[in-house]
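Participant: sequence-free structure coming up:
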């Protein structure tokens, strides 16, 4: 919904088509866009009456070229409080570092998705949101493709990884649920890399990032002339991935008609492109991902039960970071190690006070937000280690914390030993968590789990039964 007072955006761009697209997208959020085509005009505009009303700037790096960071610095020097977003075709971490040090608020890689652009604008200009440090940033580092690279010792997280590793070896459908930023895409890629279909076609389709009227064509394809604008035949993602794997991200965003169409296609094992007379048999593994529990949407009548049951042959739930606080220190050190390998950056340590501060925050953006915050802090750090002062917005929100909160210290080993009232948990509960942790750590290899725990396989399976541990989940 647009705010009562229209905001003004200056777009520095000399590409007419892109300028029209960004202006149209911004208009949906209540923005009026002022387009300028070169650096000189942009600087001159700042001093005009209209320029004084600006709420944000988007700069296409192509306009000033190699001088983009110099232009950002000059714009920031003239208007320090004005958010500046840089749009670029380069995914170079070095350029991201230079742009942020020059004063860029965010860094968008073309072609940028409409929802990503709108999120960046909202984040940069929302007064209630913490500034700078908690801005969502585009991931600058390539994602790892194996389970060993997924850091965490929390029992619920390790159990989810073990279940995913087991499911990866099969061909059945999988549903992955978890809040945004919990690592669903990384888990999907790890499953694909470990699957029998690892050399077959693979595609991720973000339902929420597509125009509603194009989702059907993207998934099922269409014949030439099937509808106005269908000038040529298009093969849909489901047919393209025949023999391979397709991922439906934000599957909860499917319209009711497409839910029905997909459920029928799954049951028949075939798909029919829009406008086609005949269906095509396909063998495709479908992995669905959702930010929300689909079972709740089913109960509310917002998602088809038959489609849910087909997708959730194996259901994996990734816990939010606030439920695995003990993993924050290891995640932080892992991310800092990877960040230090990026061009323009260097390895950094982190103090206990800074770790305590990070552990005290709730992280609504989960692991992705933690990585973004560490990336930004590393860009501006002058010392050899991050301190709490390198996270000024978190300090403002939480205050100075000298020691790791007691409950977080108990969780740091991966198994929670104490209840919230400070008493020890029952031995049976601790034993169950240790077994889950071991199964996750050794990725479901039960012989190895039994050997490491110093018990026989039969004893291990008896304990699984006695403690009520779901063997499939484990």
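Facilitator: Good, I have the coordinates. Keep in mind that this is a model prediction, so the values were computed, not measured. Residues are numbered from 1 along each chain as shown.

Participant: Okay, now the unreliable bits of this protein?
Facilitator: 1-5, 91-92, 126-145, 399-423, 440-441, 443, 470-474 (pLDDT under 70).

Participant: Any idea which residue is closest to the centre of it?
Facilitator: Most central residue of the chain, judged by C-alpha distance to the mean C-alpha position with C-alpha atoms, centre = their mean, is residue 181 at 3.9 Å.

Participant: Make sure it is indeed in a helix.
Facilitator: No: with DSSP: H, G, I helix; E, B strand; the rest coil as the criterion, residue 181 is assigned coil and is not in a helix.

Participant: Would you enumerate the residues in contact with it?
Facilitator: Contacts for residue 181 (C-beta atoms under 8 Å, 6 or more residues apart in numbering) come out as 321, 365, 366, 367, 368, 369. In short, each C-beta sits where N, CA and C put it, glycine included.

Participant: Of those, which is the most crowded?
Facilitator: When the contacts of residue 181 are compared by neighbour count (other C-beta atoms under 10 Å), residue 321 ends up highest, at 27 neighbours.

Participant: How many residues are close by the closest residue to residue 460 other than its chain neighbours?
Facilitator: In space, and not counting its chain neighbours, residue 460 is closest to residue 450: 4.4 Å by C-beta to C-beta, 6 or more residues apart in numbering. Other residues near residue 450 number 20, with proximity taken as other C-beta under 10 Å.

Participant: Could you pull up the residues touching residue 450?
Facilitator: Under the criterion of C-beta under 8 Å, 6+ apart, the contact list for residue 450 reads 456, 457, 459, 460.

Participant: Kindly tell me how buried the third one is, as a neighbour count.
Facilitator: Other residues near residue 459 number 12, with proximity taken as other C-beta under 10 Å.

Participant: host element of it?
Facilitator: Using DSSP states H and E, the secondary-structure element containing residue 459 is helix 457-466.

Participant: can I assume residue 428 is in contact with residue 467?
Facilitator: Yes: using C-beta atoms under 8 Å, residue 428 and residue 467 qualify as a contacting pair, with a distance of 6.6 Å.

Participant: Save the contacts of residue 450 as CSV, and put in distance to residue 312 too.
Facilitator: CSV is the format used below for the contacts of residue 450 (distance: C-beta to C-beta, whole Å):
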residue, distance to residue 312
456, 34
457, 29
459, 32
460, 27
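
Participant: among the residues you listed, who's most crowded?
Facilitator: Among those, residue 460 has more neighbours than the rest - 20 neighbours, counting by other C-beta under 10 Å.

Participant: Residue 293 reaches residue 178, doesn't it?
Facilitator: No: taking C-beta under 8 Å as the contact criterion, residue 293 and residue 178 are not neighbours in contact, 9.6 Å apart.

Participant: which neighbours do those two share?
Facilitator: Taking C-beta under 8 Å, 6+ apart as the contact definition, residue 293 and residue 178 share the neighbouring residues residue 317.

Participant: These two: who's more crowded?
Facilitator: When residue 293 and residue 178 are compared on other C-beta under 10 Å, the one with more neighbours turns out to be residue 178, at 21 against 15.
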